[in-house]
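A.B. asks: Give me a model of this one.
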Amino acid sequence: MSILEAIVLGIVQGLTEFLPISSTGHLRIVPAFLGWEDPGTAFTAVIQLGTMLAVVVYFRRDLWNIARAWFRSLRDKTARSEQDARMGWYLIAGSVPISVIGLAFSDTIESKTRDLYLIGSMLILLGLVLLVAEKVSKRERDVQSTTLRDAIAIGFGQALALIPGVSRSGSTITVGLLLGFDRESAARLSFLLSVPAVVLSGLYQLGDALDADQGIGTLLVATFFAFVSGYAAIAGLLRFLADHTTYVFVVYRVVLGAVVLALTAASVIS
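C.D. replies: The predicted model follows:
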């Protein structure tokens, strides 16, 4: 992989990890459009560490408060009623589905889910489900009202993103809307919940990415640009969702999915 490819794919990863349009799908589609090799699931998992660093930096106060309250609750029963302490347990519980399913089906995910027909179809399908969520959501709840049931439900939504084209942020924001959260709160929960699972996934697949001859240099370059563009995407999306719907992402997903399916069927991309 060239440095140019690493820069482009890093920027693509950072922007699409937090927008509900599928980062793994774009890391398969963009190389196909440009005639590059598929970077693979290991490369994708590792450079996601850059976007996770962006989450940690952006939400550093929230994460620090959650971590401090969670550790305090382990020895102080009275602290367990605090929302930050409960949120620590919620993030752990919400990360279980994607961790278990990801490990159980790792071989299938790596070898059989990067098909462009599947990616195009999932872009369209999740886009339509997001449209339904926008239509039916009451959007009356904020992050402070989160319960264990919410965390587990959003966690299963996150697990769907193991299929390229679904979108981790897209599926979790969709579930959040269906649970009645407002758009900005659904996005915040999505970002916070991503930290444990994606960090573990990136570290787990780091060795595979190096063994695939990606090179430590290209991985570092791609991860750095994923961090920079990811931080910008978080700030931009939260501001956007404060006053706008997700319809623009629905349209983008459906159009891109249709283009991918058409070009794949015509053997223009493969």
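A.B. asks: Would you map the helices across the stretch 1-150 of the chain?
C.D. replies: For the stretch 1-150 of the chain, helices defined by DSSP state H, counting those that start in this stretch occupy the ranges 3-18, 23-34, 40-58, 60-75, 83-104, 106-112, 116-136, 148-159.
A.B. asks: Those: which one's closest to Ala265?
C.D. replies: Evaluated over those, closeness to Ala265 peaks at helix 116-136, with 8.1 Å, by C-beta to C-beta. Quick note: C-beta positions are derived from backbone N, CA and C, even for glycine.
A.B. asks: any idea of the mean pLDDT for the closest one?
C.D. replies: Averaging pLDDT along helix 116-136 yields 96.
A.B. asks: follow-up on the earlier one: figure out which of the helices of the stretch 1-150 of the chain is closest to Gly217.
C.D. replies: Closest among these, using C-beta to C-beta: helix 3-18, at 7.7 Å.
A.B. asks: export that closest one as CSV, just CAs?
C.D. replies: Extracted in CSV, the C-alpha atoms of helix 3-18 (Å, rounded to 0.1, in the frame of the first residue of the first chain):
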residue,chain,number,x,y,z
ILE,A,3,1.4,6.4,1.4
LEU,A,4,-1.2,8.1,-0.9
GLU,A,5,-3.6,5.1,-0.4
ALA,A,6,-3.0,5.2,3.3
ILE,A,7,-3.8,8.9,3.5
VAL,A,8,-7.0,8.6,1.4
LEU,A,9,-8.2,5.5,3.3
GLY,A,10,-7.4,7.1,6.6
ILE,A,11,-9.5,10.2,5.8
VAL,A,12,-12.3,8.0,4.4
GLN,A,13,-12.3,5.9,7.7
GLY,A,14,-12.4,9.0,9.9
LEU,A,15,-15.2,10.7,8.1
THR,A,16,-17.4,7.6,7.6
GLU,A,17,-16.9,6.0,11.0
PHE,A,18,-19.1,8.5,12.7
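A.B. asks: name the helices or strands packed onto it?
C.D. replies: helix 23-34, helix 40-58, helix 168-178, helix 216-243 (3 or more C-beta pairs under 8 Å, 6 or more residues apart in numbering; DSSP states H and E).
A.B. asks: okay, these in TSV with mean pLDDT next?
C.D. replies: Shown next, in TSV, are the helices and strands packed on helix 3-18 (pLDDT from 0 to 100):
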stretch	mean pLDDT
helix 23-34	91
helix 40-58	84
helix 168-178	95
helix 216-243	92
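A.B. asks: Could you dump those into CSV with mean neighbour count added?
C.D. replies: Formatted as CSV, the helices and strands packed on helix 3-18 follow (neighbours: other C-beta atoms under 10 Å):
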stretch, mean neighbour count
helix 23-34, 22
helix 40-58, 23
helix 168-178, 27
helix 216-243, 19
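A.B. asks: do you know which of those lies nearest Ser121?
C.D. replies: Nearest to Ser121, of all these, is helix 23-34, at 10.6 Å by C-beta to C-beta.
A.B. asks: Reformat the helices and strands packed on helix 3-18 as a markdown table; add distance to Arg72.
C.D. replies: Formatted as a markdown table, the helices and strands packed on helix 3-18 follow (distance: least, C-beta to C-beta, whole Å):
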| stretch | distance to Arg72 |
| --- | --- |
| helix 23-34 | 34 |
| helix 40-58 | 20 |
| helix 168-178 | 27 |
| helix 216-243 | 27 |
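A.B. asks: quick one: which of these is nearest Ala133?
C.D. replies: With C-beta to C-beta as the criterion, Ala133 lies closest to helix 168-178 of the helices and strands packed on helix 3-18, at 4.0 Å.
A.B. asks: Just want the angle from that closest one to helix 116-136.
C.D. replies: Put simply, helix 168-178 runs at 30 degrees to helix 116-136, going by axes from the mean of the first three to the mean of the last three C-alpha atoms, to 10 degrees.
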